[in-house]
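**Student:** I'd like to go over a predicted model; first the sequence, then the structure.
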Amino acid sequence: MTAILTAQTSPGHTRQHLLSVHDLSTDRIREILETAAQMHAVQRREVKKLPTLRGRTVVNLFFEDSTRTRSSFEIAGKWLSADVINISGKGSSTSKGESLRDTALTVAAMGVDALVIRHSASGAAQQVSQWVDAHIINAGDGTHEHPTQALLDAYTMQQRLGDLSGRHVAIVGDLTHSRVVRSNLICLGKLGARVTLVAPPTLMPSGIASWAASDGFELSHDLDAVLPTVDAVMMLRVQRERMSGGYFPTAREYTVGYGLTRPRLDALVAANPEAVICHPGPMNRGLEIGADAADAAQSLILDQVSAGVAVRMSVLYHLLAGEEGSAS
Amino acid sequence: MTRPDSAVPGNAVPADSAARAVMSSGDVSRALRRIAHEILERNKGADDLVVLGIPTRGVALARRLVKVMEEVEGTSVPVGALDVTMHRDDLRRQPTRSPMHTDIPGAGIDDKVVVLVDDVLYSGRTVRAALDALSDLGRPRAVRLAVLVDRGHRDLPIRADHVGKNLPTSSSERVQVRLAEHDGDGDEVRIAGGEPR
Amino acid sequence: MSALLITGADLAGAGAQDLLVEDGVITEVGSVRTAKGADVLEADGLVALPGLVDLHTHLREPGREDAETIASGSAAAAVGGFTAVLAMANTSPVTDTAEAAERILDLGRAAGLVDVQPVGAVTKGLAGEELAELGLMHRSRARVSVFSDDGKCVHDARVMRRALEYVRAFGGVVSQHAQDPHLAGPTACCHEGELSGRLGLPGWPGIAEETIVARDVMLARHTGSRVHIAHVSTAGSVDVVRWAKAQGIDVTAEVTPHHLVLTTDLVSGYDPTFKVNPPLRPLEDVQALREALADGTIDAVATDHAPHARHDKEHAFVDAAFGMLGLETALAVVSDTMVRGGLLDWAGVARVMSVAPARIAGLADHGRPLATGSPASLTLVDPSAEVTVDRSASLSLSRNNPWHGRTLRGAVHATVLRGRVTALKGAIS
């Protein structure tokens, strides 16, 4: 039986990593989600510990603040009895500090089994995996990917909707600057879901039309047309600062065109009472998502947070618990 | 080295004509009947018993045992499953596999007599992991072990309370347990000559 | 200096001849029978080109001597077949005064391996606002005639216009790094397209270059000035330059060896070795650039040799420094891609790597035909040598080499600067 995560292995090393959802086959994703369900059961017990990763060291090397993701990984590691250490990296060249490579090598030289890396630059996790002899988990790199977020989103939706194959999911918001959308596109695609991206043209990544054509997802600028047809809508955070880049004129205009307002919530529920609402957080209540939608019965937002630990336990388990060796 | 017969849970055992049968379908059912009676005898009835099968085939065996016990005693006996994957101490020697479902009956295991059920007892590591897993779930009053086959070669000081059949084997041999619930046809236990070590 | 006899070289593709060099000048071409006391350099099977001239090099001194010095850069240039290089002005301090230019000239002379011609900044401190002392730099011993803010774009149209007008007085030229900062800002690092979208890297769209090229050729027309476009990277820019030349506008253009070969997909692994400004482009642009070099729309190959210390490259892709080495591999890349690809013959290589750049830079001693009376600055090339590039075997102080591991056909055998052999078989003489 081949190893679960046939993810990127760096030349010269035979480690397995989770750098991108691309490298997980559909079967692997399903296995990770199944294990996550078992881990979720552990969370509900009085003794929330499993001894599985005892003696292993996991370092959260975060170059970008994210209390939510970091504590989720920390709890996940600790509930598997791993030793978890948090290190804040100063990675930007503008700080004239250590190079990224030197920082990564220094941390790894202390003897770590896994590095969970969060960085503001796309590709950082992949680059580190070339330099360092440890398992690398990408906890979010720039605007590129956030694989564990996509896995927990899929898990959460699956818990409510069942098998995602054939389901229609809309992802709405600042797609250009979102790593969550890239990972979700790949993950949902592998699970057989149909995905429609909705955003104003200025917030869609470059080359999106040919990308959509080759990867089989759809694009729309009209949220009202798409909403009645979906089983799940994922709202992405929109930063107000984007206004200064000319991406949209005002927050008001954005909300009217693309926000999940009360009228849109009503239309969604009327068309499909079983439809669910997701948001990776943190939310800008009132901008991309209204309070009514965030707190509605259809909202899975809190479930997403609780699923995060279970999914990350599953990822840590599958990456670290088995035998070392080359992936297939 | 991994032990070949700590078989990947869930996979049906293929019929291997080079293997020799050591228990027929009738042997299996008689052994299970006897074990069920022994458990009840030792426990002086069915009170406080909780029977937990270790996936995969331990669960089917646990259910069969409980069916017999319920026929005999006329009361229901809680039955469930205890997956031990996350508590194994030999994970690093194999590729990772998904843990199976753990299903503890509603009344829990505190102050109960837990009977663990597995198909083959070999190194004892599975049972050791099960004892660890149990201690995370509660505080049983006692833990007993029932296995269909004991093939020897213990790595740890563990013994079964109830054994269907003692099978002396060499470590190069493989023991295959086929159960109707998983492998189709009738039940059977075979020994196949393994690769030379 | 003793005389030098070069025997049997194929002169820029015109046939095998002997060359006798005395006192730094070619004194005889043909079948030279006697050359008493001359050192002999056998060149059978080799092609002789006028010494290569690089319009665009970064020697990093003063300021970043950890990445390169004028001495180490000169050595890399000599081994690469160059007899003259233009050293860009984005040093620290910036070369925006006569004194700074003369200092670089003197350091180049002291190294003595290649003629280092300083480029002057267009604006003070490269800030893009006020003209630097262009005239004083020209009058200095450095005789600066090429001016560039390279690294940055002269993006203010009024400043660019004034610069183009001003240098006309002494036959100078502005070399423009075409990059509209509002369309491609400081973080832009990957050709804007499907790949940059997938990779999540800030896009650097071709139009950021093309709009500046279009603007500047119109400014050149309006002012009656010469303008030079540095490192052209897109088919769109080629179209603009082609149109401009057809209009009789005095525009010249250069292309780097890497933009003739390397494509944007190399960035997929986020390896900062392939991070360069302007970025690597898709195959359609690469093909357009090759055709343009072959048909003369692009006048010259210029390396944009950009050495970087390891710690400046070993960052996340978005944070890493821009630039690639180029001096030691340029000839091999052009030979392997353009000559082997049938797009240029050796006379064409002489044109794009020596004659045209020397003319654009106003270097009278370089790019001269290999004939009696010309200064004996020439490059001997082995057209069939196949060399696998090893980045660690480099005379540059830096190692950011995108060609590492590639095998290229064509190698510099020897470089001669005014009759003195500066490099032989990959080593300094």
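**Tutor:** Structure received. Residues are numbered from 1 along each chain as shown, chains lettered A, B, ... in the order given.

**Student:** Get me the contact residues on chain C for chain A.
**Tutor:** On the criterion Cβ under 8 Å from any Cβ of the partner chain, chain A has as its neighbours in chain C the residues C:192-201, C:203, C:205, C:269-272, C:310-312, C:314-321. C-beta coordinates here come from the backbone N, C-alpha and C atoms, glycine included.

**Student:** Among those residues, name the ones in helices.
**Tutor:** Taking DSSP state H, the ones among these that sit in helices are C:Glu194, C:Leu195, C:Ser196, C:Gly197, C:Arg198, C:Leu199, C:Arg310, C:His311, C:Asp312.

**Student:** quick one on the thing from earlier: what's the PyMOL syntax to select whichever of the residues of chain C next to chain A are buried?
**Tutor:** If you want just the buried ones from those in PyMOL, going by 16 or more other Cβ atoms under 10 Å in any protein chain shown, the selection is:
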select buried, chain C and resi 192+193+194+195+196+197+198+199+200+201+203+205+270+271+272+311+312+314+315+316+317+318+319+320+321
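
**Student:** what ranges of chain B fall below the confidence cut-off?
**Tutor:** Residue ranges of chain B with pLDDT under 70: B:1-17, B:194-197.

**Student:** domains in chain A, as residue ranges please.
**Tutor:** Each structural domain of chain A that the record assigns through automatic domain parsing is listed here as a residue range: A:21-145+A:308-320, A:147-305.

**Student:** Now do the shortest one: distance to the chain's middle.
**Tutor:** Counting by Cα atoms, centre = their mean, to the nearest Å, domain A:21-145+A:308-320 is centred 12 Å from the centre of its parent chain.

**Student:** can you tell if it touches chain B?
**Tutor:** Yes: for domain A:21-145+A:308-320, a contact with chain B is found by Cβ under 8 Å from any Cβ, at A:31, A:34-35, A:38, A:41, A:45, A:47, A:49-52, A:80, A:317-318.

**Student:** sorry, back to before: just curious, which of the ones in helices among the residues of chain C next to chain A is nearest to C:Leu343?
**Tutor:** C:Leu195 (26.3 Å; Cβ to Cβ).

**Student:** And that closest one, how close does it get to A:Val198?
**Tutor:** For C:Leu195, the distance to A:Val198 (Cβ to Cβ, to the nearest Å) stands at 23 Å.

**Student:** same thing with B:Met23?
**Tutor:** Counting by Cβ to Cβ, the separation of B:Met23 from A:Val198 is 62 Å.

**Student:** Settle it for me: which of these two has more neighbours?
**Tutor:** Counted by other Cβ atoms under 10 Å in any protein chain shown, B:Met23 and A:Val198 do not tie: A:Val198 has more neighbours, with 28 against 22.

**Student:** The more buried one: what's its closest spatial neighbour, skipping adjacent residues?
**Tutor:** Beyond its immediate neighbours in the sequence, the residue positioned closest to A:Val198 (Cβ to Cβ, 6 or more residues apart in numbering or on different chains) is A:Val172, lying 4.4 Å away.

**Student:** give the contact list for that neighbour.
**Tutor:** With Cβ atoms under 8 Å, 6 or more residues apart in numbering or on different chains as the criterion, the residues that contact A:Val172 are A:Leu197, A:Val198, A:Ala199, A:Leu223, A:Val233, A:Met234, A:Met235, A:Leu236, A:Tyr258, A:Leu260, A:Glu288.
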